[in-house]
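Student: Sequence unavailable; structure follows:
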């Protein structure tokens, strides 16, 4: 699923019926043969085969489904009615076409913080339990099936719901452990960041791998023995031993067993905490005395720029505590607040949940190591800029960290902003006299000839119309509002 | 017993004991077949029965009993289950 207003991928499929109806298949939606997401006429659609269509009929007849849609826990979904959409469905051999509400910005589990992964896990368990009460099960448990509207998780993969066949186990249990339980346990018990691992492995962390990281003491902590150690062992012991599903059914496996396991998982996950309290960046604002001095002027500057025209999507790069993301959110539809520091994003997410700010999505993103396109054909998961470009980007107190901290050439960074990201820009230049820059340079060879205000302004004005420039009272920092050419 | 309390918050000591015994058997008692990697998920299905408490353990015992019967040339139903 993706928003309807972002650049389209190359045309991969074409349907002719009456007037040419162009159908773009979603390259990441192929694993389930019984349905596929496609895009047409700006709508996000899902074609269903005969079997999936029957499951949809059963699902849409349940009460919990409509309640969960109204609570925002499942993406709003209706049967497509427009003749052109139905024609496209028929031409592709689909029995039925569903139309989904757009998600403002697609994100992936390797960009979420601990509490986001936890809340996404609890959403899946909640839907599993509520579905089972009405005879419907979630057949898989991919973390990619959860997306966000601000800080609210929503489930998007409708064909994952199927009628539960008496005697069947929960087939998604292993996937649930790989994509949710094991990453959360590693973060909570071992302080191992799960993002790098989930980015490196699209199927998550296998019980066997997770087990190998757990010490004897860890095996005594909640959840480890059952869901990790025994899970790894049970897999080794049971694989290749005939039709386990059939055997379990014959032995009287019941829905009650799934519910008990799910409730156990829920209380396990609810109890998991990531207790880390300090990081380089999470305390940055508190320690940064310059923040106070220039803060009000920066807030006023950002507020004026954001409010000067309608903003659908704003990115706040290097958002830290989210001060400017919050200012932008006052006037923009959606703000994506990105920072490389997991703890900073964790704090921001928890804060936004408490404040009930619903249009800021915080994400863990390292700009010097951007989330790439991944998976089958390198198209299953999209890189950051393929998922919707912002019409305004905030880069406050960021540039010196990119250029001096991460060794990204200044011109390349500005070029990336203008060519890959696009849109308008609010950017801050912090000069070499600033204590933060001096700290960055303290133990480094100063190879950064490109880091000067003259060079920066030349790079900027070569790619943007700089419409406003404001020196801040600290005397070492300058703000710029740059507009895209032709913007 | 902290290791199982999160699983079965309201269970009795007896249930914990059964979990422990069956878990131990799974851990050390079963030989590992060569093709486990071709069949991911079957172990996860069996484990779910174990995590369902007493009722689940009953299911497991029944399942292995049927397989045992089938192996020694018992009833036809058992062989089909295998």
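Tutor: Arrived safely. Every value quoted in this text rests on a predicted model; they were computed, and no experiment measured them. Residues are numbered from 1 along each chain as shown, chains lettered A, B, ... in the order given.
Student: remind me which residues of chain A are low pLDDT?
Tutor: A:1-22, A:238-241, A:277-292, A:486-487 (pLDDT under 70).
Student: Next one: the residue most central in space within it from chain B, what distance?
Tutor: Closest to where the C-alpha atoms of chain A average out (C-alpha atoms, centre = their mean) is residue A:107, at 2.3 Å. Residue A:107 sits 27 Å away from chain B, taking C-beta to the nearest C-beta, to the nearest Å as the criterion. Yep, even glycine has a C-beta here, placed from its N, CA and C like the rest.
Student: Does that residue touch residue A:364 like I think?
Tutor: No. Contact criterion C-beta atoms under 8 Å: residue A:107 and residue A:364 do not qualify, at 9.8 Å.
Student: Show me which residues of the top helix by length along chain B are buried.
Tutor: In chain B, with assignment by DSSP state H, the single longest helix is helix B:54-71. Residues B:56-60, B:62-63, B:66-67, B:69-70 are the ones in helix B:54-71 that count as buried (16 or more other C-beta atoms under 10 Å in any protein chain shown).
Student: can you tell me if it touches chain A.
Tutor: Yes. Counting by C-beta under 8 Å from any C-beta of the partner chain, chain A is contacted by helix B:54-71 at B:55-56, B:58-60, B:62-63, B:66-67.
Student: which helices and strands sit right next to that helix?
Tutor: helix A:244-250, helix A:255-271, helix B:13-24, helix B:42-51, helix B:76-81 (3 or more C-beta pairs under 8 Å, 6 or more residues apart in numbering or on different chains; DSSP states H and E).
Student: Helices of the stretch 301-450 of chain A, start to end?
Tutor: Assignment of helices within the stretch 301-450 of chain A using DSSP state H, counting those that start in this stretch yields the ranges A:323-329, A:342-355, A:399-400, A:410-416, A:435-441.
Student: now what about stretch A:442-452, what contacts it?
Tutor: When contacts are defined by C-beta atoms under 8 Å, 6 or more residues apart in numbering or on different chains, stretch A:442-452 is touched by residues A:400, A:403-404, A:409-411, A:431-432, A:441.
Student: For it, buried residues please.
Tutor: Under 16+ other C-beta under 10 Å, the buried positions of stretch A:442-452 are A:448, A:451.
Student: where's it relative to the chain centroid, distance-wise?
Tutor: Distance, stretch centre to chain centre, for stretch A:442-452: 34 Å (C-alpha atoms, centre = their mean, to the nearest Å).
Student: cool, stretch A:315-329 as well?
Tutor: Counting by C-alpha atoms, centre = their mean, stretch A:315-329 comes out at 17 Å from the chain centroid.
Student: can you check stretch A:220-234 too?
Tutor: Worked out by C-alpha atoms, centre = their mean, stretch A:220-234 lies 28 Å from the chain centre.
Student: on that earlier part again, pipe the helices of the stretch 301-450 of chain A into TSV and attach mean neighbour count per row.
Tutor: Output for the helices of the stretch 301-450 of chain A, formatted as TSV (neighbours: other C-beta atoms under 10 Å in any protein chain shown):
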stretch	mean neighbour count
helix A:323-329	24
helix A:342-355	20
helix A:399-400	24
helix A:410-416	18
helix A:435-441	16
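Student: what about residue A:434, neighbour count?
Tutor: As a burial measure, residue A:434 scores 18 neighbours (other C-beta atoms under 10 Å in any protein chain shown).
Student: That one against residue A:476, yeah?
Tutor: Yes. Counting by C-beta under 8 Å, residue A:434 touches residue A:476, with 3.8 Å between them.
Student: which residue does the stretch 51-200 of chain A bring closest to chain B?
Tutor: Of all residues in the stretch 51-200 of chain A, residue A:174 sits closest to chain B, at 3.7 Å by C-beta to the nearest C-beta.
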